[in-house]
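Engineer: No letters, just coordinates:
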């Protein structure tokens, strides 16, 4: 196998892993996808080590082992991209996609902006906040209050994260705003149950996918990734709880 082809295979594997990890995929899924793609293109021996912030991938051939590291700095939740990469990976495993075509398809997925508009995300956060309030046995009178607090809180989360790219502070400030709004609605009579409004409003901030992936990684034996994701989820929960506690303490 020519030297350049080996590097091209490595680039395709790393690009697939990078998209998956940045889109919120589990660690074991990223590693398995990369090794399956390498095997489909004739690399029988490959190794991958994935953490939430980086990917190390190596291939073993008759020449010295080739290893490459890429850094992952931004992570979000985009299950559509995860599905698209999985679909491309299955086509590669079936022998339906050439190496060059696979790279171009993955590049198109990486460049695609598949996320919903900011307005749609705020509306979804608002509606889900009201629905969570009802799910936690709140009263319908508080539905609108939970919607407003949840939507404004989600807007504050995104806004503060752009101002200060530290997730903990953005979540802390957003939860303070949610607490203040919830208290305001109850104080003015627009809401009845303060605890139910707060619980429903903070649910869009809760790292549900992160907690799920942390548990699945731990069950799959990826202890480092599982513990690091669990720690990140704990910090997020701590930030949300601290913001609400500050409001309830001083009001």
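Structural biologist: Noted; the coordinates are in hand. It should be emphasised that the depicted structure is a prediction, and the values quoted were computed from it without experimental measurement.

Engineer: which stretches of the stretch 101-250 of the chain form strands?
Structural biologist: Assigned by DSSP state E, counting those that start in this stretch, the strands in the stretch 101-250 of the chain number zero.

Engineer: So for the helix ranked longest in the chain, what gets flagged as buried?
Structural biologist: The residue-count maximum for a helix in the chain (DSSP state H) belongs to helix 223-250. For helix 223-250, a neighbour-count test (16 or more other C-beta atoms under 10 Å) marks 225-226, 228-230, 232-233, 236-237, 239-240, 243-244, 247 as buried. Every C-beta, even on glycine, is put in place using the N, C-alpha and C of the backbone.

Engineer: possible to save those as CSV with distance to residue 55 and pLDDT?
Structural biologist: Output for the buried residues of helix 223-250, formatted as CSV (distance: C-beta to C-beta, whole Å; pLDDT from 0 to 100):
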residue, distance to residue 55, pLDDT
225, 11, 85
226, 16, 87
228, 14, 88
229, 15, 87
230, 20, 90
232, 17, 88
233, 21, 90
236, 23, 91
237, 27, 91
239, 27, 93
240, 30, 93
243, 33, 94
244, 36, 94
247, 40, 92
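
Engineer: Quick one: these as a markdown table, columns for distance to residue 153 too.
Structural biologist: Output for these, formatted as a markdown table (distance: C-beta to C-beta, whole Å):
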| residue | distance to residue 153 |
| --- | --- |
| 225 | 29 |
| 226 | 29 |
| 228 | 26 |
| 229 | 23 |
| 230 | 24 |
| 232 | 20 |
| 233 | 18 |
| 236 | 14 |
| 237 | 15 |
| 239 | 12 |
| 240 | 10 |
| 243 | 9 |
| 244 | 11 |
| 247 | 12 |
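
Engineer: ok, these vs residue 102, which is closest?
Structural biologist: residue 225 (25.5 Å; C-beta to C-beta).

Engineer: Find the pair from the buried residues of helix 223-250 with maximum spatial separation.
Structural biologist: 225 and 247 (34.0 Å).

Engineer: can you map out the helices along the stretch 151-251 of the chain?
Structural biologist: Applying DSSP state H, counting those that start in this stretch to the stretch 151-251 of the chain gives helices spanning 167-187, 194-202, 208-219, 223-250.

Engineer: Worst mean pLDDT among those helices?
Structural biologist: Mean pLDDT is lowest for helix 208-219 out of the helices of the stretch 151-251 of the chain, coming in at a mean of 86.

Engineer: quick one: pLDDT of the closest residue in space to residue 122 that isn't next to it in sequence?
Structural biologist: Closest residue to residue 122 apart from its sequence neighbours, by C-beta to C-beta, 6 or more residues apart in numbering: residue 151 at 5.1 Å. For residue 151, the pLDDT comes out at 95.

Engineer: And the helices of the stretch 151-251 of the chain: which comes nearest residue 105?
Structural biologist: Among the helices of the stretch 151-251 of the chain, helix 208-219 sits nearest to residue 105 (C-beta to C-beta), with 24.9 Å.

Engineer: Which parts of the stretch 1-150 of the chain are helices?
Structural biologist: 3-22, 27-40, 79-93, 99-111, 118-135, 143-163.

Engineer: Mean neighbour count added to these, as TSV?
Structural biologist: Below are the helices of the stretch 1-150 of the chain laid out as TSV (neighbours: other C-beta atoms under 10 Å):
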stretch	mean neighbour count
helix 3-22	20
helix 27-40	22
helix 79-93	18
helix 99-111	16
helix 118-135	18
helix 143-163	21
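
Engineer: How about the contacts made by the residue nearest to residue 122?
Structural biologist: 122-123, 125-126, 129 (C-beta atoms under 8 Å, 6 or more residues apart in numbering).
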